[in-house]
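> Give me a 3D structure for the following:
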Amino acid sequence: MALQRRSRTTPADRARARGSLAAVVAARRQELGLTQAELAELAGVARGPVVSFEAGRTVSLEVLTSLLQVLGLHLELTRGAVSDGLQVSEPLAAQYGLPVGVESSRG
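A predicted model of the protein is given here:
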């Protein structure tokens, strides 16, 4: 059995630095005690997109919705004014230690 190096930062901490949605997915996966490979298998996708998404890269909407469904999360789209980024609700921000409000999507 190979030993795994333990990082001092959690996947949620690393994802938080890259984007709130990735942070929520990583934190929820950890809460459920799932590995990235297990999440991928349950969602019916390859492990690569899970790793990519948690690292802050984009994945298809189909992959994203599959991951969210397994994690018991949902994505809500509303029609309205164009925002400058991802809006994080207060309960979600509190639960995952994220800033409240709009996070810029432009870097």
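
> Next, please give the residue ranges for the strands of this protein.
Assigned by DSSP state E, the strands in the chain fall at 85-88, 101-104.

> Check those for me: which has the lowest mean pLDDT.
When the strands of the chain are ranked by mean pLDDT, strand 101-104 comes last with a mean of 51.

> hmm, which helix or strand of this structure has the shakiest average pLDDT?
Within the chain, confidence by mean pLDDT, DSSP states H and E is lowest for strand 101-104 among all helices and strands, at a mean of 51.

> pLDDT below threshold where in this protein?
Within the chain, the stretches with pLDDT under 70 are 1-7, 10-18, 81-88, 99-107.

> Helices along that one, start to end?
Here the chain has its helices, by DSSP state H, at 11-18, 20-31, 36-43, 47-54, 61-71, 90-96.

> What helices and strands are in contact with the longest one?
It stands for helix 20-31. Where contact means 3 or more Cβ pairs under 8 Å, 6 or more residues apart in numbering; DSSP states H and E, helix 20-31 is packed against helix 11-18, helix 47-54, helix 61-71, strand 85-88, helix 90-96. The way it works is simple: take the backbone N, C-alpha and C, and place the C-beta from them, glycine included.

> which residue packs closest to residue 46, ignoring adjacent ones?
Leaving aside its chain neighbours, residue 46 sits nearest to residue 40 (6.1 Å; criterion: Cβ to Cβ, 6 or more residues apart in numbering).

> Does that neighbour touch residue 50 like I think?
Yes: between residue 40 and residue 50 there is a contact at 4.7 Å, judged by Cβ atoms under 8 Å.

> between the two, who's got more neighbours?
Neighbour tally, residue 40 and residue 50, criterion other Cβ atoms under 10 Å: the higher count belongs to residue 50, 26 against 21.

> and that one, what is it in contact with?
Counting by Cβ atoms under 8 Å, 6 or more residues apart in numbering, residue 50 touches 36-37, 39-40, 43, 67.
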